[in-house]
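In: model this:
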Amino acid sequence: MKVYALVGPSGTGKSFNAVNVAGKKNVDCIIDDGLLIQNNKVIAGSSAKKEHTKLAAIKRAVFMEPQHAEQVKEAIKSCNPSGVLILGTSKDMVDRIAANLDLLPIEEYISINDISSPEDIEEAKRTREEEGKHVIPVPTFEVKKDFSGYFLDSVKSLIFRGRRPHVTEKTIVRPTYSYRGRYTISEKAIADIVIYNCMNIPAIKNVLGVTVNMGQDGVTIDVDLAVEYGFDMRAALQQAQGRIIKDVEYLTGLNVDEANVSARSIAM
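Out: Residues are numbered from 1 along each chain as shown. Okay, the predicted model is just below:
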C-alpha cells in the first residue's frame, strides 16, 4: 500500500482537488479532516468540521483520540486499499496523521501549488475567508445525516481516471466553529415552513397543529390537517408530505427523519 500526502495551507482547495489527485495516483482511499473516504463513501472516522472549536477540530483531524484512530486503522486493514492520500496543512501535520494511523512512511508529498493555479488557490482562499465554506470530497447524501442543521450545498466536477471521464460530487459545509458565528433554527420557524406549504395545497382547508421534535440526527415533524370535502385525501396528504420534506431540508439544511401527515377532519 502506497501512502501519499497532499499539503497546503488551510483554505487553498486541498479537499476540492483530492479526488482528482487520488485518481492520478491510483489511490482509492482519502484521509481528510478525520474521515476515511473510499470511492466517494465515508467508511470510518468522524469529521473535524463537526467540532465546536478550532482546537477540537485540529485534534480530531490528526486522530489524537485513541478510539477514533483505532476505528480508522481497523477500517484501513479491512478495506485493504491500493493506496492512501492524506490531506494536511503542513508536512508535520500529515506526518503526525500517518504516525497515529500506522501509515508511515509517506512515499510522496504533493504541494497544492503543484496541482492548482495561483488564481484557483486565491479563489479558494476568498471563499473560505469571506463565506466560511469548507469542502468534503464526498456526495452530499453521504454526509447529510451527520451534518443535519448545517448549511449544505453540492458541486459536481469532471475528472479523468486514465482515459475514462468520471463525474464526482463534493459537499460544501459551513462548520459551527466558523468565525462568522453560530446560527440556530427554531422549531417555530420550521412549523411556519410546514404551514406555508400545506396551505398552498388546494385540498387542504386548515392546519390544525404542527409538532416539531429536534433530534441529534435530524427533525421529526407531525402535522394534523383539515382536508376539503371532495378531494382525493391520500393524494393531498402525499403532496403535503413531499413538499414539507423538500422545503424544510432545502431551507434549513436539516435532515428530516420523519414527516407524519394526518387528516384529522373533513371541511364541508
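
In: any low-confidence regions in the protein?
Out: Residues of the chain that meet the criterion pLDDT under 70 lie in 131, 136, 138-183.

In: where do the domain boundaries of it fall?
Out: 2-173, 187-267 (automatic domain parsing).

In: a markdown table for those domains, including mean neighbour count?
Out: Any C-beta I mention is one placed from the backbone N, CA and C, and that applies to glycine too. A markdown table is the format used below for the domains of the chain (neighbours: other Cβ atoms under 10 Å):
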| stretch | mean neighbour count |
| --- | --- |
| domain 2-173 | 18 |
| domain 187-267 | 16 |
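
In: quick one: the helices in the stretch 101-250 of the chain, in order.
Out: In the stretch 101-250 of the chain, the helices defined using DSSP state H, counting those that start in this stretch lie at 112-115, 118-131, 140-143, 187-199, 233-252.

In: in TSV: these, plus distance to residue 49.
Out: Converted to TSV, the helices of the stretch 101-250 of the chain look like this (distance: least, Cβ to Cβ, whole Å):
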stretch	distance to residue 49
helix 112-115	19
helix 118-131	12
helix 140-143	9
helix 187-199	23
helix 233-252	18
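
In: of all these, which one is nearest residue 72?
Out: helix 140-143 (16.3 Å; Cβ to Cβ).

In: out of the helices of the stretch 101-250 of the chain, which gets nearest to residue 223?
Out: helix 187-199 (5.9 Å).

In: elements contacting the closest one?
Out: strand 204-214, strand 219-228, helix 233-252 (3 or more Cβ pairs under 8 Å, 6 or more residues apart in numbering; DSSP states H and E).

In: including distance to residue 20, could those go into JSON lines?
Out: Supplementary listing: these in JSON lines, determined by distance: least, Cβ to Cβ, whole Å:
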{"stretch": "strand 204-214", "distance to residue 20": "38"}
{"stretch": "strand 219-228", "distance to residue 20": "35"}
{"stretch": "helix 233-252", "distance to residue 20": "29"}
